[in-house]
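Trainee: A structural model of the following input is requested.
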Amino acid sequence: MAVKKQFSDSDFIEGLRLDDDKVLTALYKKFYPPVLKHILNNNGNEQEAQDIYQETILVLYNNCKKNNFELQCSLQTYVYSISKRLWLKQLNKNKSLFKLNDDSSFVDVSNDVNEHIEKEVQFTKMNSSLLELGEPCKTLIEDFYIHQMSMEEIADKFGYTNSDNAKNQKYKCLQRLKRLYFND
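Mentor: The predicted structure is shown next:
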């Protein structure tokens, strides 16, 4: 029995650049399920999910063909973000209306789509900046803001002499993160 090759993100990108059919097939199998789930959960159907995914792969393919293309996040995140934006554009184009509890009331969400797209762009940019920040700053910021650890816990974890030193390091890390985020 043949062993299926697991492709890395760079394998996928290089395979798309070289028009490798095996890579394209693996790409479809690996990243389609979350896109399908997202569209089904957001008033879409399977045919619409297939169409959006096809467009997503075309966008990815065209971007990979550019010499200056450089992936700033995981390929899965990139593919999912493209498909989300395309789906939101589709909903906006259709001027989709979502029902409220009673049959006579509707809420037009088309104005919120652009705001959501902008927030998604900002989130992706922040994630890239955080990854670029490196260690130990990345972990320190995640521990404080995401895991809600106290400065005392962070001082113990990183071996700082006290919480004031940990707070000072967090401040320096935040300043570096701001520079990375706003200079891109």
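
Trainee: now the strands for the protein?
Mentor: 97-99, 106-108 (DSSP state E).

Trainee: In stretch 171-181, which residues are buried?
Mentor: 173-174, 176-177, 180-181 (16 or more other CB atoms under 10 Å). Yep, even glycine has a C-beta here, placed from its N, CA and C like the rest.

Trainee: Figure out how far it is from the centre of its chain.
Mentor: Here stretch 171-181 is found 21 Å from its chain centre; the criterion is CA atoms, centre = their mean, to the nearest Å.

Trainee: who touches it?
Mentor: 125-126, 129-130, 132-133, 137, 140-141 (CB atoms under 8 Å, 6 or more residues apart in numbering).

Trainee: ok so, going back, include pLDDT when you put the buried residues of stretch 171-181 into a markdown table, please.
Mentor: Formatted as a markdown table, these follow (pLDDT from 0 to 100):
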| residue | pLDDT |
| --- | --- |
| 173 | 90 |
| 174 | 89 |
| 176 | 91 |
| 177 | 87 |
| 180 | 86 |
| 181 | 83 |
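
Trainee: just these now: which is nearest residue 44?
Mentor: Residue 44 has its nearest neighbour among the buried residues of stretch 171-181 in residue 181, at 32.4 Å by CB to CB.

Trainee: any weak-confidence spans in this protein?
Mentor: By pLDDT under 70, the low-scoring segments of the chain are 1-5, 95-116, 184.

Trainee: All the helices of it, residue numbers only.
Mentor: 9-17, 21-41, 46-64, 75-93, 110-133, 137-141, 151-158, 163-183 (DSSP state H).

Trainee: Am I right that residue 86 is in contact with residue 54?
Mentor: No - under the criterion of CB atoms under 8 Å, residue 86 makes no contact with residue 54, lying 9.8 Å away.

Trainee: Look at the two and report which has more neighbours.
Mentor: residue 86 (20 against 13; other CB atoms under 10 Å).

Trainee: Okay, that one and residue 118: tell me how far apart.
Mentor: Separation of residue 86 from residue 118 (CB to CB, to the nearest Å): 16 Å.

Trainee: give the contact list for the residue nearest the centre of the chain.
Mentor: Of all residues in the chain, the one closest to the mean position by CA atoms, centre = their mean is residue 77, 3.8 Å from it. For residue 77, the contact set (CB under 8 Å, 6+ apart) comprises 124, 127.
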